[in-house]
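Engineer: turn this into a model:
(chains A, B, C and D)
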Protein chains: 2
Amino acid sequence: MNLKELSSLLGLSQTTVSRALNGYPEVSEKTRARVVKAAQAHAYSPNTRAQGLATGHSKCIGHVISVSDSAEMVNPIFGDFMAGAGETYAAHGYDMMVTRVGAQDEADTYLSLKARGAVDGVVVHAPRRNDSRLALLDKIDLPYVVHGRSTGIKRPYTWLDVNNTRAFSEATSYLASLGHRRIALINGPETMDFAIRRRSGYESSLRFAGLPIDPALMSTGEMTEGYGHAQANAMLDMDNPPTAFLAASIICAAGIRRALDERGLRPGKDVSIATFDDCLSYFGNGGDQPVFTAWQSSVRLAGAAVAQMLIDRIQAPNAPHINELWEAEFVAGTSTGPAPDHSKD
Amino acid sequence: MNLKELSSLLGLSQTTVSRALNGYPEVSEKTRARVVKAAQAHAYSPNTRAQGLATGHSKCIGHVISVSDSAEMVNPIFGDFMAGAGETYAAHGYDMMVTRVGAQDEADTYLSLKARGAVDGVVVHAPRRNDSRLALLDKIDLPYVVHGRSTGIKRPYTWLDVNNTRAFSEATSYLASLGHRRIALINGPETMDFAIRRRSGYESSLRFAGLPIDPALMSTGEMTEGYGHAQANAMLDMDNPPTAFLAASIICAAGIRRALDERGLRPGKDVSIATFDDCLSYFGNGGDQPVFTAWQSSVRLAGAAVAQMLIDRIQAPNAPHINELWEAEFVAGTSTGPAPDHSKD
DNA sequence: CAAAGTTGTCAAAGCGCTTTGGAATGTCGT
DNA sequence: ACGACATTCCAAAGCGCTTTGACAACTTTG
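Structural biologist: Reported below is the predicted structural model:
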């Protein structure tokens, strides 16, 4: 069923039927009702491609997911972010297109998306420092919103980020205030802007507390469970091991916890763990009784909000850029406690 | 840059340019080379929508993700499956469209996808028993491939599944052979076909081993870490607790493990854990030294294979239906061991 | 050397929609 | 009763591509 058939069926012109369905005022309410009813009865939905061709926009939003070829790692927050964004898109009649790409072909992918008119805008995921994608997107005039920020980019752009610096600064101070003097940072990949900010928050709090900054207590890598486990193991083997860990994600934290368990160390007693928590739907932090002491911020809500910002941006491309900085919320869990007293050792 | 501009720039007709780029034989190699070079120089890519309108297919594949409104749960395998599928799509010039939908609007979403001509085919995720989507898709003639199977559907359809029955039967036998007589099943949602099969594999091996089937040792639910933890805790509180757990996913297994750790029970010594493992990129099973004894099958590879099957199906809609049943691979971890000897209790 | 293929190219139609610029019809003031 | 003005509808153009059918310009054949 297409427009032509439907309109001849109704004895109306295509123009009138189209206007009736799209809510234009120059069609009487009587005929509009008639048209709408017939459209429903015949399950008519305008052909997306034809509509796009005619209007010049695709009502589709692109998400380019860079999969590092080395690690072949899919960011675990991906699913929840998409779920949040998808909700917003559905509410506004937008489709969502996902493109998986290796790091090399990143630029080409955006160019192609633009040249082919496949999307009206894109969400930039996992921004790096001085991320070259932003200049590219500005140049080719493809609307975008950044989930995160890119330090070093001076031109304004629209972004939504969590205050990672603050969260990791608070977390470090919190652990220091519990008496911990050897606090390890199990960070995400420090090619990512958020990881850089997290480290800087961590370091500034260490300095503020008068604690040394020890590179041996800092690690960077893909945020897998195995990574958390391996790093914790390596650090706990040190002569002067950390008494507290600060993890980049709850999945890392789980790995750290496993390392403790294997050694018979009690989390929150012998060794503390604090973590950032993205509120992943399949890996909750224990609900009523949080397991991990955490700074949390829902990536799902972020997805919904970023999607909304992008839709707004597409509809008003010349509006001033909006920036949202969300504060992570502190939850006290059982994974942290006072630094163990070694005076009796 | 569009076809018209490019062709007038070259002093050729649109026809010739189009044919040259699409590899038709009736254009001389000399002009073809000229056209290809110019296209590259001007970064010309045919407009997706126009191309789609003209050819009648969208070169786009749909993934409809049902998010149960109650649980608001995003399946954690989603990201890895997409990464695998995305690779295949990219190689064949297909785009990937993702639609998030609540359980109610599922049927409408497929109808709309079809009516709008938005996709050439869809992947059916998480099939249920007697899944009504298959009949719907057959009726509206939208090509599809099922990731999993749907018990009760008699008409042939194309699917790729893991032999869940076998895997869980083997796992149960394995645990029984270690002397476990109280083996708990921490299953996924038993509205899902795969979970039903897993249970039946589990039960058949219990029967075969002459062990009783105790509903108190079986649970069903969304496969979160918290779920695994809660179920394990509840069961370990029983008068006659299980000595082994069989988990539906490595994430559940992590939760079970946490429950053991909290109680000072040693995995593989006091209580065993076996699990199914989807080989999630962010939650590996320890690499060289597997943590969990597991039956594993890469969901990423499944994604790539399903995508390929769907593309084939779209290109040859009348070809016979293909079914692939993959066997899960056994890996021995440290999480299982002989049932503890209670004779000295 | 005319008739019959080949080869390389093109003009134009068509995909299903939106939108422009009329054109009918009806209503109203005078 | 007549022009003015809304109101309601429509024919046709156009979005950027593919594809059909035709046509020159060459080759080859008898």
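
Engineer: quick one, strands of chain A?
Structural biologist: Residue ranges of the strands in chain A, as given by DSSP state E, are A:60-67, A:95-102, A:121-124, A:144-147, A:159-162, A:183-187, A:218-220, A:244-247, A:272-277, A:293-296, A:323-326, A:329-331.

Engineer: pull the number of nearby residues for A:Q40.
Structural biologist: A:Q40 sits with 9 neighbouring residues when counted by other C-beta atoms under 10 Å in any protein chain shown. (Each C-beta comes from the backbone N, C-alpha and C, glycine too.)

Engineer: ranking the strands of chain A by burial, who's on top?
Structural biologist: Across the strands of chain A, averaging neighbours per residue (mean count of other C-beta atoms under 10 Å in any protein chain shown) puts strand A:244-247 on top, at a mean of 31.

Engineer: next one: that strand to chain centre, how far?
Structural biologist: 22 Å (C-alpha atoms, centre = their mean, to the nearest Å).

Engineer: with stretch A:101-117 instead?
Structural biologist: Once both centres are worked out by C-alpha atoms, centre = their mean, stretch A:101-117 turns out to sit 20 Å from its chain's centre.

Engineer: any chance of JSON lines for the strands of chain A, columns distance to B:Y282 and mean pLDDT?
Structural biologist: Supplementary listing: the strands of chain A in JSON lines, determined by distance: least, C-beta to C-beta, whole Å; pLDDT from 0 to 100:
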{"stretch": "strand A:60-67", "distance to B:Y282": "12", "mean pLDDT": "93"}
{"stretch": "strand A:95-102", "distance to B:Y282": "16", "mean pLDDT": "94"}
{"stretch": "strand A:121-124", "distance to B:Y282": "20", "mean pLDDT": "98"}
{"stretch": "strand A:144-147", "distance to B:Y282": "18", "mean pLDDT": "98"}
{"stretch": "strand A:159-162", "distance to B:Y282": "19", "mean pLDDT": "98"}
{"stretch": "strand A:183-187", "distance to B:Y282": "14", "mean pLDDT": "98"}
{"stretch": "strand A:218-220", "distance to B:Y282": "16", "mean pLDDT": "98"}
{"stretch": "strand A:244-247", "distance to B:Y282": "13", "mean pLDDT": "98"}
{"stretch": "strand A:272-277", "distance to B:Y282": "15", "mean pLDDT": "98"}
{"stretch": "strand A:293-296", "distance to B:Y282": "18", "mean pLDDT": "98"}
{"stretch": "strand A:323-326", "distance to B:Y282": "23", "mean pLDDT": "98"}
{"stretch": "strand A:329-331", "distance to B:Y282": "22", "mean pLDDT": "97"}
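
Engineer: just send those back as a markdown table, with distance to B:H42 too.
Structural biologist: Rendered in a markdown table, the data for the strands of chain A read as follows (distance: least, C-beta to C-beta, whole Å):
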| stretch | distance to B:H42 |
| --- | --- |
| strand A:60-67 | 22 |
| strand A:95-102 | 22 |
| strand A:121-124 | 22 |
| strand A:144-147 | 23 |
| strand A:159-162 | 32 |
| strand A:183-187 | 44 |
| strand A:218-220 | 42 |
| strand A:244-247 | 49 |
| strand A:272-277 | 46 |
| strand A:293-296 | 49 |
| strand A:323-326 | 36 |
| strand A:329-331 | 51 |
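
Engineer: which of those sits closest to B:N47?
Structural biologist: With distances scored as C-beta to C-beta, the stretch of the strands of chain A nearest to B:N47 is strand A:60-67 (13.1 Å).

Engineer: run through who's touching stretch A:307-316.
Structural biologist: When contacts are taken as C-beta atoms under 8 Å, 6 or more residues apart in numbering or on different chains, the neighbours of stretch A:307-316 outside the stretch itself are A:57, A:61, A:84-89, A:92, A:94, A:120-123, A:143-145, A:158, A:160, A:319, A:322, A:324.

Engineer: how about that stretch: buried residues?
Structural biologist: Taking 16 or more other C-beta atoms under 10 Å in any protein chain shown as the neighbour-count basis, stretch A:307-316 is seen to contain the buried residues A:307-314.

Engineer: what's the burial count for A:K4?
Structural biologist: Counted by other C-beta under 10 Å, the residues lying close to A:K4 total 10.

Engineer: hmm, A:Q14 and it touching each other?
Structural biologist: Yes: when contacts are counted by C-beta atoms under 8 Å, A:K4 is listed as touching A:Q14 (6.2 Å).

Engineer: relative to A:A328, how far out is A:T165?
Structural biologist: Summarising the geometry, the distance separating A:T165 from A:A328, computed by C-beta to C-beta, to the nearest Å, is 11 Å.

Engineer: also A:C60?
Structural biologist: Here the distance between A:C60 and A:A328 works out to 32 Å (C-beta to C-beta).

Engineer: and for A:I140?
Structural biologist: When C-beta to C-beta is applied, the distance between A:I140 and A:A328 equals 34 Å.

Engineer: between these two, who's got more neighbours?
Structural biologist: For A:I140 versus A:A328, the count of surrounding residues by other C-beta under 10 Å is larger for A:A328: 21 against 14.

Engineer: might you report the residue contacts of that one?
Structural biologist: A:162-164, A:166-167, A:276, A:295-297.

Engineer: same thing but 7 Å
Structural biologist: Contact partners of A:A328, counting by C-beta atoms under 7 Å, 6 or more residues apart in numbering or on different chains, are A:162-163, A:167, A:276, A:295-297.

Engineer: dump stretch A:252-260 to CSV, restricted to CA.
Structural biologist: This file holds the C-alpha atoms of stretch A:252-260, laid out as CSV (Å, rounded to 0.1, in the frame of the first residue of the first chain):
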residue,chain,number,x,y,z
CYS,A,252,36.8,-4.1,36.7
ALA,A,253,35.8,-3.9,40.3
ALA,A,254,34.4,-7.4,40.1
GLY,A,255,37.7,-8.6,38.8
ILE,A,256,39.6,-6.9,41.6
ARG,A,257,37.2,-8.4,44.1
ARG,A,258,37.9,-11.8,42.7
ALA,A,259,41.6,-11.3,43.2
LEU,A,260,41.0,-10.4,46.8
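
Engineer: quick one: that stretch to chain centroid distance?
Structural biologist: In terms of C-alpha atoms, centre = their mean, the gap separating the centre of stretch A:252-260 from the centre of its chain is 23 Å.

Engineer: give me the mean pLDDT for that stretch.
Structural biologist: Averaging the model's pLDDT scores along stretch A:252-260 yields 96.
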